[in-house]
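Peer 1: Next comes the sequence, and after it the predicted model I'd like to discuss.
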Amino acid sequence: MIPWKTYSDRRKTSIEDVIKHHKLESYDEVLSHLTNMFIETPDRALVEKALSQNSKPVKGTEAKSEQSKTVETLTAKNDVEDSSAVWQDGLDAAYEANTLKQKTGSRKKSTVKKTSTSTRTRKKPVQKK
């Protein structure tokens with residue numbers, strides 16, 4: 001089994017990140033998860049500390065959620081778009097792309113494919129005396 005210290009150093013992760021990412025809620029869950037990954041569990045006190053930190057709400061999350069709700073309501077009000085304007089924008093972009101393609105032309109020139117890589121010429125006929 002891989003020691004926790006080695007695993008966390010190589011992966012640049014912490015026990016808090018593992019607990020949060022896999023949504024583990026108890027020491028037994030952490031133990032079984034790390035054992036399934038063939039990793040030795042860190043000290044129980046470290047895991048318990050990480051679990052207690054993970055269960056506490058982070059400061060400022062309520063304010064962020066209120067801000068995201070107001071943004072969602074603003075975007076919901078502005079969701080109505082004029083379909084003909086969107087269609088026209090798409091057409092303009094398509095014509096613009098076509099004209100640019102025609103102006104620039106093909107950047108890669110086609111080349112003739114070699115059928116033979118031999119550099120030898122035909123053998124000289126042997127002259128009889």
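Peer 2: Ah, there it is.

Peer 1: Please make it C-alpha for all contacts and neighbour counts, starting now.
Peer 2: Noted.

Peer 1: which residues of the protein fall in helices?
Peer 2: 4-11, 15-22, 27-36, 44-55, 61-77, 83-104 (DSSP state H).

Peer 1: rank those by pLDDT, which is bottom?
Peer 2: Among the helices of the chain, helix 61-77 carries the lowest mean pLDDT, a mean of 57.

Peer 1: Lys49: how many residues sit nearby?
Peer 2: Here the neighbour count serves as a burial measure; for Lys49 (other CA atoms under 10 Å) it reads 12.

Peer 1: Give me the contact list for stretch 6-20.
Peer 2: 25, 30, 39, 47, 50-51, 54 (CA atoms under 8 Å, 6 or more residues apart in numbering).

Peer 1: which parts of that stretch are buried?
Peer 2: Applying a neighbour-count criterion of 16 or more other CA atoms under 10 Å, the buried positions in stretch 6-20 are 15-16, 18-19.

Peer 1: how close does Glu40 sit to Thr13?
Peer 2: 15 Å (CA to CA, to the nearest Å).

Peer 1: before we move on, the earlier item: filter the contacts of stretch 6-20 down to just the buried residues.
Peer 2: Applying 16+ other CA under 10 Å to the contacts of stretch 6-20, the neighbour count classes 30, 39, 47, 50-51, 54 as buried.

Peer 1: Return the closest of the buried residues of stretch 6-20 with respect to Lys124.
Peer 2: Sorting the buried residues of stretch 6-20 by how near they are to Lys124, with CA to CA, puts Val18 at the top with 76.3 Å.
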